[in-house]
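> Build the 3D model from these lines:
(2 chains, ligands or ions: 3)
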Amino acid sequence: MAVIVTDERLGIFPSLDTKTEQAPCRVACPLHTDAQGYIWLIAQGRFREAFEVAKAVNPLVSAISRVCAHPCETKCRRAKVDEAISICALKRFAVDWGREAAGAAPVPPRRYSERVAIIGGGPSGLTAASDLARLGYAVTIFEKLPAAGGIFYYGIPTYRLPRTELAEDVKAIEALGVEIQTGVEVGKDITVQELFDQGYSSVLIAVGLSVSRDLPIPGAKLPGVLMALPFLAEVNATGKCKDVPSGSSVVVIGGGNVAIDVARSAFRAGASRVQLACLESEKEIPASPWEVEEAAEEGVEINCSWGPVQVLEKDGKVAGLEVQSCTCVFDADHRFNPQFDPSCKMQLEGDIVIFAIGQGSDLSLAKDTDIQLNQRGQLIADREKFTTTQPGVFACGEVMLGPGNAVTAMSSAHRAAMAVHCYLRQIEMPERVEDTFQALGEVAEPTIERIPTQKRQAMPVIEPEVRKRSSEPFELGFSEEQAIAEARRCLNCAAGAENQMVRCANCLTCLRVCPFGVPIIGDEGKIQIRLDQCQACGICARECPATSIELRRDQHETIPAQLEALGVSIEALARTADPVIVAYRCHYGWHAENGVDEEAPTGARVVDMLCSARVDIQDIIKAFQLGADGVMVAVCADDDCHLQGVKRVRARVERTRQLLDAIGIDGKRLEVVELTSPVRQNFRKAVEEMTHRLAEMGPSPARRVPAV
Amino acid sequence: MIVAEQKPLAEIRQMIKGHRKVLLVGCGSCVTVCFAGGAKEVGILASSLRLAAQIDGDDLEVTEETVLRQCEPEFVETLRRKVEDADIVVSLACGVGPQTMVEAFPNARIVPGLNTKFFGRVLGPGVWTETCAGCGNCILHLTGGICPVARCSKSLLNGPCGGSVGGKCEVSPDIKCVWQEIYDHLAVQGKAENLAEIIEEKDWSTAGHGGPRTITRKDLQI
Ligand SMILES: Cc1cc2nc3c(=O)[nH]c(=O)nc-3n(C[C@H](O)[C@H](O)[C@H](O)COP(=O)(O)OP(=O)(O)OC[C@H]3O[C@@H](n4cnc5c(N)ncnc54)[C@H](O)[C@@H]3O)c2cc1C
Ligand code: SF4
Ligand code: SF4
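Ligands and ions are numbered 1, 2, ... in the order given. This is a model prediction of the structure:
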């Protein structure tokens, strides 16, 4: 089977590289989101493009950017230098700052006659619908609730996920032509057979896990004993829960993220005290550490290593929960097999008990069909082919995978959509290029020593005392300045230098100029640029005398187009008498200080470079060829360049000056300007002064300006 | 390696004057390594020529090419179409390159873009120094591995001369006296007494003073 590139598969990746070695963040993401790609774009202030990269594989990018479990951050290589990149917060920033300007929904390349029915409008159903629509199918989602989104709609607390964000995603999916029929429960309002009878050629089950489980302990059926999902749904919809009067004391059973959501929501519903009991020890607790921390900040009392014995009763009502010490949760084979010490018990007082110990599926839709369930009532489905026991009926998401995080469910949906497509087209499932990805190795100690440390930006949040009573989002999002500072911290894994070898003369220039000691003489006795150590500063690529080094992500080839877009061309400038300055400006330096305010026009035509060390002699000559009267290279102060490239640029500029003199253009028309504080004022001043000097010198001899 | 230096732009412009289609041919070996004539320098020269022509209102078309080794007829042969299409070819190779081209393309006008300097090595980024004179009869085993033929201003075999002062050559204070270096090096090894032995008169017939040198290896001839 041929490996096909995702571009061709769904037309969803905008020309991202598909090489084997990839940034570990991208490999760790079940959707293989190109995090390095959008972070790089944020660092350049290209927020719309950043959003588009993030969205490419993720039709729920707005919602996910608020709630993702972000396995990418766990694998981030920056952690070894200081702290991981705040990847998820940057994605949210890309959404907040880039979504509005993003382009319209893509038009499918072709339309097929077949229609596909998707049961369940949660993250998986929506993802599969988006893919199938983009492939050219007519897709209908049947969702039993009044709105699409699944757990994102009814389960996740609104203080984490404002529903307006989810609505944006759903709107974009509908814009692809996906029809969403809400309030239709398949199995009750319509059967699977009826879907086929209505002309759907294939059915995809994405019903998730919608039933909260309880435990058969005494008192479990008392009034005042609630289930996690209905409780959350009610609080999310109304801000309160009728069974939880204001001032209640709530005991939550469970140690996962759902339990934490329930506990924190209980405060928001009006509870005055919230206790939580879970089997796991503090170390084992399955909820994400940041969730546990935030809950504790809000006052949730977390009792680890306690198992429920009975719900205590007084006058027919809940009086609390009796728990016993849990001595160990997993056995030697890591199987769930909790052991208790009945001699050690305690009572957690309270008038409400909420079970948050897990969810199961409701598969009543399988009745009277060929869709088989196993003895435990779970759907029988092939995890590679996404088929069920009934031909034409497929499955994806949590109903198939069991509980997990949303991106994992969505990843299965991408593949299930492909399976449906292949079934309808009678073709084999193609291999996925993502499955060939390999995470770059670790950053080595000697490289780490050369990377300046930079603190991770903290997400601004609302104070615990205020937020615990509010259903509004408590995370406020990065400012532009913060986002750019955070994005700059990224090590640009797998985006750096690659030696094309064919032209390489093994001159060792790269080895000598690299600030990070990346190129070495390898085992074969030849130069070897270690991609896994490269920081993508670009210095070697610009210095290589054989032009043998290419950067996986480079802006270089776009410079002529950028100049043209800035109106720098002989024709365009023919009627301009004012001096024209092209400024190649270090984007890092420009945004180091004041990122937020609008750039007031200075008259200079600015080309932003991600490190001025990427400016090439030929870029400078090009600007003069196109009619610039002067070229400015704006660099950071030597010590401020975290890529240590300034010295190289200065030397390059000096040589170019001499060349210009020889060419017949006064070398003084080329200047290096340092972006020192206050950056904006100083840059403006430098442009003004240079404009003045150029005016005195008259137009560059390379352009002919008619006498004014 | 062979170390060369690009000719001044003005001289190159003078050579191509009156020609419209200029082909620049770089070499991917020694002169790439010494930043005189690799793909990068070919690119910079091309840009410079274009801009200079633009200023003077000249109609100039510059094409860029770089072959792996311009001293090989087969590599050079790959340029045939481009050479035939050009009005003039500027070779950015050591002196061997243009001559190989002339041999291959007798009708083409080929001019040198570089000045070939010496056999040398890099002392550090951006600095190269002459290290071997190619005399054809190596005596490094007698001189502590340091070549007086290439590195003594007078190529003395039994130096130093009376002009050696404080480790510097009398020709210029910027030049180290190589005989001082030879002495110091041998002293470190405890072999300074070797210098008491007079190095016999050297056979210079191999050094190229008797016309161009040729090596013939019968085993390799086809
Ligand atoms: C409280 C809670 C918080 C969570 N927080 C996070 C988080 O912060 N980050 C994260 O990554 N993951 C989180 N998750 C997990 C995440 O929500 C799931 O992985 C994801 O929602 C699974 O998507 P799905 O589409 O498979 O199922 P669901 O989201 O459950 O969607 C299934 C949909 O199918 C509908 N449906 C069911 N039966 C029928 C039927 N017969 N006919 C029509 N429609 C039907 C349901 O109404 C529902 O809309 C959380 C889960 C819970 C319960
Ligand atoms: S440093 Fe950047 S590219 Fe590397 S793993 Fe972290 S976020 Fe991804
Ligand atoms: S010089 Fe920069 S781009 Fe080149 S290998 Fe070193 S870190 Fe990577």
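
> and residue 44, how many residues sit next to it?
I went with chain A, as the question did not name one. The tally of other residues near A:Gln44 (other Cβ atoms under 10 Å in any protein chain shown) stands at 19. The C-beta positions use only the backbone N, C-alpha and C, and glycine is treated the same way.

> Please refer instead to chain B.
19.

> and what of the one 5 residues further on?
Under the neighbour criterion other Cβ under 10 Å, B:Leu49 is assigned a count of 21.

> If we ignore the residues flanking it in sequence, what's nearest it?
Sequence neighbours aside, B:Val62 is the residue nearest to B:Leu49 in space, at 5.3 Å (criterion: Cβ to Cβ, 6 or more residues apart in numbering or on different chains).

> what number of residues lie near that neighbour?
For B:Val62, using other Cβ under 10 Å, the count is 19.

> From the chain's centroid, how far away is whatever helix or strand it lives in?
B:Val62 is part of strand B:61-67 when elements are defined by DSSP states H and E. Mean-position distance between strand B:61-67 and its chain equals 21 Å (Cα atoms, centre = their mean, to the nearest Å).

> hmm, stretch A:246-266 in reach of ligand 1?
Yes. Counting by Cβ under 6 Å from any ligand atom, contacts between stretch A:246-266 and ligand 1 involve A:Asn257, A:Val258, A:Asp261.

> In contact with the residue nearest to the spatial centre of chain A, which residues?
Nearest to the mean C-alpha position of chain A, by Cα atoms, centre = their mean, lies A:Lys91 at 4.5 Å. Neighbouring residues of A:Lys91 by Cβ atoms under 8 Å, 6 or more residues apart in numbering or on different chains: A:Thr33, A:Ala35, A:Tyr38, A:Ala54, A:Val61, A:Ile64, A:Ser65, A:Cys68.

> Tell me how far the residue nearest to B:Leu49 lies from chain A.
Using Cβ to the nearest Cβ, to the nearest Å, B:Val62 is found at 12 Å from chain A.

> my guess is that residue contacts B:Ser48, does it?
No. B:Val62 lies out of contact with B:Ser48 (Cβ atoms under 8 Å); the separation is 9.5 Å.

> Return the residues of chain A in contact with chain B.
Proximity of chain A to chain B is confined to A:503, A:505-507, A:509, A:512-513, A:544-548, A:617-618, A:621-622, A:624-625, A:659, A:662-665, A:701-702 under the rule Cβ under 8 Å from any Cβ of the partner chain.

> burial of the closest residue to B:Ala36 other than its chain neighbours, as a residue count?
Nearest residue to B:Ala36 in three dimensions, chain neighbours excluded: B:Ala4, at 4.4 Å (Cβ to Cβ, 6+ apart). Using other Cβ under 10 Å, B:Ala4 has 26 neighbouring residues.

> which SS class is B:Ala4?
strand (DSSP: H, G, I helix; E, B strand; the rest coil).

> hey, what's it bridged with?
Under DSSP bridges, the beta-bridge partners of B:Ala4 are B:Thr116.

> Report the buried residues of the longest helix anywhere in chain B.
Longest among the helix segments of chain B by residue count, using DSSP state H, is helix B:39-56. Neighbour-count burial for helix B:39-56 flags B:39-55 (criterion: 16 or more other Cβ atoms under 10 Å in any protein chain shown).

> do stretch A:107-120 as well
The neighbour-count check on stretch A:107-120 (16+ other Cβ under 10 Å) flags A:Pro108, A:Tyr112, A:Glu114, A:Arg115, A:Val116, A:Ala117, A:Ile118, A:Ile119, A:Gly120 as buried.

> Tell me where the model's unsure across chain A.
Where chain A drops to pLDDT under 70, the residues are A:1-17, A:591-601, A:705-708.

> Please tell me how far A:Gln454 sits from A:Ile87.
Remark: distance between A:Gln454 and A:Ile87 (Cβ to Cβ, to the nearest Å) = 15 Å.

> the more surrounded of the two?
Using other Cβ under 10 Å as the criterion, A:Gln454 and A:Ile87 rank with A:Ile87 on top: 29 against 15.

> Residues in a beta bridge with the residue nearest to B:Leu49, which ones?
For B:Val62, the beta-bridge partners are B:Val22 (DSSP bridges).

> distance of it from B:Gly26?
From B:Val62 over to B:Gly26 the distance is 13 Å, taken as Cβ to Cβ.

> A:Ala50 now?
According to Cβ to Cβ, A:Ala50 and B:Gly26 sit 39 Å apart.

> rewinding a little: and the longest helix of chain B, what does it pack against?
Helices and strands touching helix B:39-56, as assessed by 3 or more Cβ pairs under 8 Å, 6 or more residues apart in numbering or on different chains; DSSP states H and E, comprise helix A:617-625, helix A:646-663, helix B:9-16, strand B:21-27, strand B:61-67, strand B:88-92.

> Tell me which of these lies nearest to ligand 3.
helix A:646-663 (9.2 Å; Cβ to the nearest ligand atom).

> chain center to that closest one, what's the gap?
Put simply, helix A:646-663 sits 41 Å off its chain's centre (Cα atoms, centre = their mean).

> What angle do helix B:39-56 and that helix make with each other?
Orientation check (axes from the mean of the first three to the mean of the last three Cα atoms, to 10 degrees): helix A:646-663 against helix B:39-56 gives 40 degrees.

> What lies in contact with the very next helix or strand once past helix A:646-663?
Once helix A:646-663 ends, the next helix or strand along the chain (criterion: DSSP H and E) is strand A:670-674. Applying Cβ under 8 Å, 6+ apart, the external contacts of strand A:670-674 come out as A:583, A:620, A:630-637, A:649-650, A:653, A:656-657, A:660, A:682-683, A:686, A:690.

> tally of neighbours for A:Pro446?
A:Pro446 has 11 neighbours, counted by other Cβ under 10 Å.

> Please apply the same query to the one 4 residues further on.
By the other Cβ under 10 Å criterion, the neighbourhood of A:Arg450 contains 14 residues.

> Shouldn't A:Val633 be within a helix?
No. According to three-state DSSP, A:Val633 belongs to no helix; its state is strand.

> For it, give its distance to A:His692.
Distance from A:Val633 to A:His692, by Cβ to Cβ: 19 Å.

> out of the two, which sits in the more crowded spot?
A:Val633 (24 against 11).

> what is the more buried one paired to in the beta sheet?
Here A:Val633, judged by DSSP bridges, has bridge partners A:Tyr584, A:Val672.

> hang on, isn't it packed against A:Asp619?
No. Using Cβ under 8 Å, A:Val633 is not in contact with A:Asp619; the gap is 9.3 Å.

> overlap in contacts of the two?
By Cβ under 8 Å, 6+ apart, A:Val633 and A:Asp619 have these common neighbours: A:Tyr584.

> that older thread, any chance of JSON lines for the residues of stretch A:246-266 next to ligand 1, columns distance to A:Glu486 and secondary structure?
Converted to JSON lines, those look like this (distance: Cβ to Cβ, whole Å; DSSP: H, G, I helix; E, B strand; the rest coil):
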{"residue": "A:Asn257", "distance to A:Glu486": "24", "secondary structure": "helix"}
{"residue": "A:Val258", "distance to A:Glu486": "29", "secondary structure": "helix"}
{"residue": "A:Asp261", "distance to A:Glu486": "26", "secondary structure": "helix"}
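
> For chain B, which residue gets nearest to ligand 1?
For chain B, Cβ to the nearest ligand atom, closest residue to ligand 1: B:Lys40, 48.5 Å.

> pLDDT score assigned to that residue?
Model confidence at B:Lys40, expressed as pLDDT, equals 97.
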